[in-house]
Structure formats: C-alpha cells, structure tokens
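# I need the structure of the sequence given here:
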Amino acid sequence: MPDKNDPTISIILPVYNRPEYTDQALASIRRSTYRDYEIIVVDDCSGDETIEVIKKHKPDVFIRNDENHGPFYCRNIAAGHARGKILYFSDTDVVIAEDTLAKVHKHLIDDGLECVIGLYSIEHPNKNLCSIYKNSWIRYSYLQSGEYVNWFFTAVGAVRKDVWDKNREFDNQKSNKTGSGDIVFGRSLAEHGVRILLDRQLEVVHLKHFNIITLLENDFLRAYGWSKASLDIDKRIATITRKGFANVSTSFLMKTFLSGVMIASIAALFFTHYAWTVLIASLLIYTICAIPFLRFMKTHFSLAKAVLCLPLMIVDTTVCGFGIFSSLVVIFFSRIKKALTT
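Next up, the predicted model:
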C-alpha cells in the first residue's frame, strides 16, 4: 500500500559521464514550481566527477551500478524504487521547464490520462548548424504527428505507475543509441490499449551538441534501430512508416530513397553522361520534398540556415538509408539462419 506521504511524481534520471549536463538537468528539476516529487538518479558507473555533481543536488534515491548496463537498465531499476503514482522519465542532457511537472500532473491525475510525452523546444544552447538541424528536425517530425502516437519518448515522457506495472518495463537489451527501446515500449503500451498523448506544449530543452561525425553516427544507428525493431515485431516493410511504427513519415522515406539515387547517379557519371539527368531530377524532387522543413527552418532561424540545411539533410538521409539497408540485411540473414535451423 502506498504511504499517504508518498510523492505523486517519481522523476527517473539515468546518468553516465556527463557532469556538465547532469548539473543543468538536476538544477532545472529543483527550479520546478511543482514540488510533490522525488528524484531517482541511477549512475551507470560513471568514471568522472559526475558522482560529486549528483550528490550536490541531493536526489531522494541515488543508485550506482558496479558496471555499465545501459540507460534502459537504469530506468527499470529506478522504476522499481519509485513511490509515486506517476513515473516521469528524463535524460541527462535535458532541461525541463518550471511548469513541466505541473503539466504532467494535470494530464495524468486531473485529466485521468495514462501516458503523455512531449517534445524538444526550438530553443537550443548550441548554435552550430549540425546541432540546430538535428534539434529542429526532431521537433519538426514530432509536430507532423497526430495528437496520439504509438511510441514513447524517454527525454520527456510520463506514464502512470499502475500502467507501468501492467506493461512490464523497457527491454534492457535495447541500446539508447538506436532509440529502439523507446519505440518498442511505446508500441507495447499502444497494443495494450494505452493512449499516448503527444502534448505539443510540453517542451524541454535538449542540451546535446552535435558535429558532423556525431550527427551521422547517431542517425545511422537510429535508422538501423527503428527499422529493425519495426521488422522484428511486425515482419512487414509497411510498418516502418509513421502509420505503422514510430514517427517516420513517407516523405522521409522518399528523401532517403532519393539520396540513394543521387549517390548512384554520381557513381554512374564515370560511365555515362546520362546520369546527370537522373542526378538533377532526383535533386529537384528531393528539394521539393524538403520544402516544408526548409520553410520551418527559415521561420525559426533564417533563410541562410535553411539553405545550408539542404546539403546537410541530403548527407544525413543518405546515411539513414544505409542504416535502413543494414537492418534489412541483418533481418534477412537472421531469418535465413532461423529457417535453416528449424
């Protein structure tokens, strides 16, 4: 039985080797206007001064793993220690607003909803192009979704504890880098009849800095992760679109395909000049498909930023295409192996 003095919201924060982010994340929680919460921090065996930063903010529960297990393991451990009616998940590189917890309380207690997620604010502390592009793309893609979705978002997501208890936990084997843990958990909730509200007013600031290398590595792994998770569960190519799985639009898949066509056309230039026609046509179609996002960038930043984002987007979607292709290869050979051994 819960104690009458138990907090309403249990804030779950996995931490690993990010003292500067951890400090900002915990400080933002302490600035919250909503006070009926507990903070549960699970340190995943950090090897720097992160521990001292955590202790400075005096979390209600502090657990330190003896070895590195990954963030989904940490979230599961934290949920097991939670006393609140609501589990609120956040990331180390996320700063919440002063009213974030109040909004979560309204949705899950006052309005009786079971699960809510938010999105990244357009505000971003890093002003380099890769960081702006990535943060803006995540926000833009979420804004294209409906009011209710079938994925979860551990950067800003909350679920009632009784719902969590019925739907088990995150898959510990899923990597945070591939993003598939959020997706699979959200899909499980949706399949059990849980409605996941995407509140566009529930915004947090994403602190993560991206350069060209970390951006492309991140998006290769994400594309690999969500497409493989989709096919592992449903075994149908159609499920990797937004209607079937996560927040992936048909437009994004089209741009990914066109990126591949452009790469193939460039390679074909060594053999035939007709490849120029294919290259220019695919670039033109790609640009037309990208206009809504480029308009979004122009509105929030500048025309120059929007123009600079186009070549970056082409490179990024090309890498995403390799990620999707890699997942298809892995799935294909795993099914062949399974067929041969049964």
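# CA only for contacts and neighbour counts going forward, please
Fine.
# which other residues reach stretch 293-310?
122, 129, 133, 136-137, 140, 287, 290 (CA atoms under 8 Å, 6 or more residues apart in numbering).
# and those, which two are furthest apart?
122 and 287 (22.7 Å; CA to CA).
# what does the average pLDDT come to for stretch 101-119?
For stretch 101-119, mean pLDDT rounds to 97.
# and the strands in the stretch 1-150 of the chain?
9-15, 37-43, 61-64, 86-90, 94-96, 115-120, 148-149 (DSSP state E, counting those that start in this stretch).
# CA atoms of the third one as PDB?
I take that to be strand 61-64. Extracted in PDB, the C-alpha atoms of strand 61-64 (Å, rounded to 0.1, in the frame of the first residue of the first chain):
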ATOM      1  CA  VAL A  61      17.200   8.000  -4.200                       C
ATOM      2  CA  PHE A  62      20.700   7.500  -5.600                       C
ATOM      3  CA  ILE A  63      21.800   4.200  -7.000                       C
ATOM      4  CA  ARG A  64      25.200   3.500  -8.500                       C
END
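# got a list of contacts for that strand?
38-45.
# how about stretch 42-57?
The contact list for stretch 42-57 (CA under 8 Å, 6+ apart) reads 12-19, 22-23, 26-27, 41, 62-71, 74-75, 77-78.
# give me the buried subset of these.
Among those, the ones that count as buried by 16 or more other CA atoms under 10 Å are 12-19, 22-23, 26, 41, 62-64, 70-71, 74-75, 77-78.
# surely residue 31 is in contact with residue 100?
No: the pair residue 31 / residue 100 is not scored as a contact, 10.5 Å apart, by CA atoms under 8 Å.
# more crowded one of the two?
It is residue 100, of residue 31 and residue 100, that has more neighbours when counted by other CA atoms under 10 Å, with 20 against 13.
# list the contacts for the closest residue to that one other than its chain neighbours?
Distances taken as CA to CA, 6 or more residues apart in numbering place residue 202 nearest to residue 100, at 6.4 Å, with adjacent residues excluded. By CA under 8 Å, 6+ apart, the residues touching residue 202 are 100, 103, 117-119.
# okay, now residue 109: neighbour count?
15.
# typo on my end, residue 281
15.
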